[in-house]
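K.L.:
I'd like to go over a predicted model; first the sequence, then the structure.
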Amino acid sequence: MKKIKQLILLLLFVAVIVLISCNKDECTDTNVYTYNAENGQCENCEGMIGFNIFDIQAIRTTRNAECLDLSGQKLVFLLDTSMIENFQEFGDNKLEEYNFKGSRFDSCELFFNNILESDFAGADLSKLEFGYAIIEGYVDEYTIIPDGCPAVENDSLYCIR
């Protein structure tokens with residue numbers, strides 16, 4: 001009888017653990033999209049494809065611009081310009097170590113500034129407008145590189161125009 005009680009307690013314990021672990025995978029925020037490296041898409045927890053809401057303050061704080069439609073943005077303003085002494089829009093500023101996974105750069109501008117050591121996995125850079133700039137970072141098989149950039153070597157993009 002004692003062994004049966006122990007077995008029941010063990011089964012209850014296992015059941016509770018399973019329930020707790022199942023709830024961790026529950027979809028709680030369908031407005032958050034993350035890059036899926038298996039298919040090159042930005043998906044929410046339900047598998048729907050989309051982009052995150054553009055929040056300049058969050059990007060400036062975290063350098064996380066994953067799954068954003070950055071269309072039409074002047075990328076230098078992703079920097080917290082109030083923290084840069086004598087900031088100039090065309091002043092050789094550096095956006096370093098940003099997460100641009102899955103983001104769209106349609107008609108974005110980057111002139112006389114650089115993006116360095118950033119993650120462009122799955123990003124569409126094909127219509128990025130840039131000049132006198134360096135774009136350097138990690139890419140994957142789904143990244144669409146900017147027109148006129150040399151072919152990607154290994155998983156790195158290094159483009160100067």
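P.N.:
Nice, I can see it.

K.L.:
can you map out the helices along this protein?
P.N.:
Along the chain, counting by DSSP state H, helices occupy 2-24, 56-62.

K.L.:
and the ones you listed, which one is worst for confidence?
P.N.:
For the helices of the chain, mean pLDDT drops lowest on helix 2-24, to a mean of 52.

K.L.:
least trustworthy helix or strand in the chain by mean pLDDT?
P.N.:
Counting by mean pLDDT, DSSP states H and E, the chain has its least confident helix or strand at helix 2-24, which shows a mean of 52.

K.L.:
please tell me how far the most centrally placed residue in the chain sits from residue 39.
P.N.:
The centroid of the chain falls nearest to residue 66 when counting by C-alpha atoms, centre = their mean (2.1 Å). Shown here: residue 66 relative to residue 39, a distance of 15 Å by C-beta to C-beta, to the nearest Å. Any C-beta I mention is one placed from the backbone N, CA and C, and that applies to glycine too.

K.L.:
repeat for residue 154
P.N.:
Using C-beta to C-beta, we find residue 154 at a distance of 21 Å from residue 39.

K.L.:
so which of those two has more stuff around it?
P.N.:
residue 39 (12 against 6; other C-beta atoms under 10 Å).

K.L.:
tell me who's in contact with that one.
P.N.:
By C-beta atoms under 8 Å, 6 or more residues apart in numbering, the residues touching residue 39 are residue 142.

K.L.:
was I right about residue 71 contacting residue 124?
P.N.:
No: using C-beta atoms under 8 Å, residue 71 is not in contact with residue 124, being 10.0 Å away.

K.L.:
now the common contact residues for those two.
P.N.:
Common neighbours of residue 71 and residue 124, counting by C-beta under 8 Å, 6+ apart, are 104-106.

K.L.:
what about burial for these, which qualify?
P.N.:
104-105 (16 or more other C-beta atoms under 10 Å).

K.L.:
can you report how many residues neighbour the closest residue to residue 110 other than its chain neighbours?
P.N.:
Spatial nearest neighbour of residue 110, excluding adjacent residues (C-beta to C-beta, 6 or more residues apart in numbering): residue 130 at 4.1 Å. A total of 24 residues lie near residue 130 under the criterion other C-beta under 10 Å.
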